[in-house]
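Novice: Prediction below, plus the sequence it came from.
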Amino acid sequence: MDKATVIGLIAAVVLIIGSILIAPGSSLGAFIDYPSMATVVGGGIAATMIAFPLKTFLTTPKVTLKGVLPSPPSMAPAIKTIVECAEIARREGVLALESKVADIEDPFILMGIQMAVDGSDSELIESVMRTEMQAMASRHKTGKGLLETLGRYAPAFGMIGTLVGLVIMLGNMDDPAAIGPGMAVALLTTLYGALVSNVFALPFADKLSFYSKQEMEIREVIVQGILSIQNGDNPRVVEQKLSTFLSKAERESLQDAA
């Protein structure tokens, strides 16, 4: 679980509700209006559905969940696996890695090792693995785009709701007592739009972008490692080259594990 996402989301909600409750003469009930919620949330979701194919749109819950329960691969274990493979290849030859295949859990490493065992040349291995990286980046971009689209449209529907509320309020100008409450309800849709966009949609999109970048960096390390194995580089050289992607603490942890 991504604790930062959960803590940040809870903190944002608590701070907003707390600021409402401590304001003089304010009550939480005054900030609850179900038609306004329906306009912003329903309108934002509907607009996002228009912007994407239905099959892609239906992945939104799964994409959102990745912001809370991410499963990015870890760089240090990936480097350790590659170095172990490099040692086997250096000692017994690349074909000996076939016995290691069953122990490799990362499918991206597995694909590269399998291609090396099958005798594919370095250019083909790099081409296939980078194509896989591009496909992954495209999927991640689409998932992020779903939340970014919702983040763009929610404030727009908040403004639409406000305009609708103002029209209704101005149509009842014969009752001055209703103008104040009517204006408050009309403005609530703008508030809801800002909340959906800035507390949920855009922060989650940014978190997905962070994890996507992290995963791309790890896969770049894997590509470099597989190519080094294919070229017959010394395992120590492979480890030193790949360790440059790690922090000092991670390098020390990797050396201790070795």
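Specialist: Received, thanks.
Novice: correct me, but Ala186 touches Leu166?
Specialist: Yes - checked against CB atoms under 8 Å, the pair Ala186 and Leu166 is within contact range at 5.1 Å. Every C-beta, even on glycine, is put in place using the N, C-alpha and C of the backbone.
Novice: These two: which is more packed in?
Specialist: Set Ala186 next to Leu166 and count neighbours by other CB atoms under 10 Å: Ala186 wins out with 21 against 14.
Novice: so what's the more buried one up against?
Specialist: Ala186 makes contacts with Gly161, Thr162, Leu163, Val164, Gly165, Leu166, Ile168, Met169, as judged by CB atoms under 8 Å, 6 or more residues apart in numbering.
Novice: does the nearest residue to Ile45 once chain neighbours are set aside sit in a helix, a strand or a coil?
Specialist: Sequence neighbours aside, Leu150 is the residue nearest to Ile45 in space, at 7.1 Å (criterion: CB to CB, 6 or more residues apart in numbering). Of the three states, Leu150 takes helix under DSSP: H, G, I helix; E, B strand; the rest coil.
Novice: Leu150 is in contact with Val196, isn't it?
Specialist: Yes - if you go by CB under 8 Å, Leu150 and Val196 touch, sitting 7.2 Å apart.
Novice: Now list whatever residues contact both of these two.
Specialist: Residues within reach of Leu150 and of Val196 at once, by CB under 8 Å, 6+ apart, are Gly44.
Novice: re the thing from before, list buried residues within the contacts of Ala186.
Specialist: Neighbour counting with 16 or more other CB atoms under 10 Å marks Gly161, Thr162, Gly165, Met169 as buried within these.
Novice: Can you read off the backbone torsions of the first one?
Specialist: Just to be clear, that refers to Gly161. Torsion angles at Gly161 (phi, psi; degrees, to the nearest 10) stand at phi -60, psi -40.
Novice: For Met37, see how far away it is.
Specialist: Using CB to CB, to the nearest Å, Gly161 is found at 9 Å from Met37.
Novice: and if you look at the third one?
Specialist: Distance check for Gly165 against Met37: by CB to CB, it reads 13 Å.
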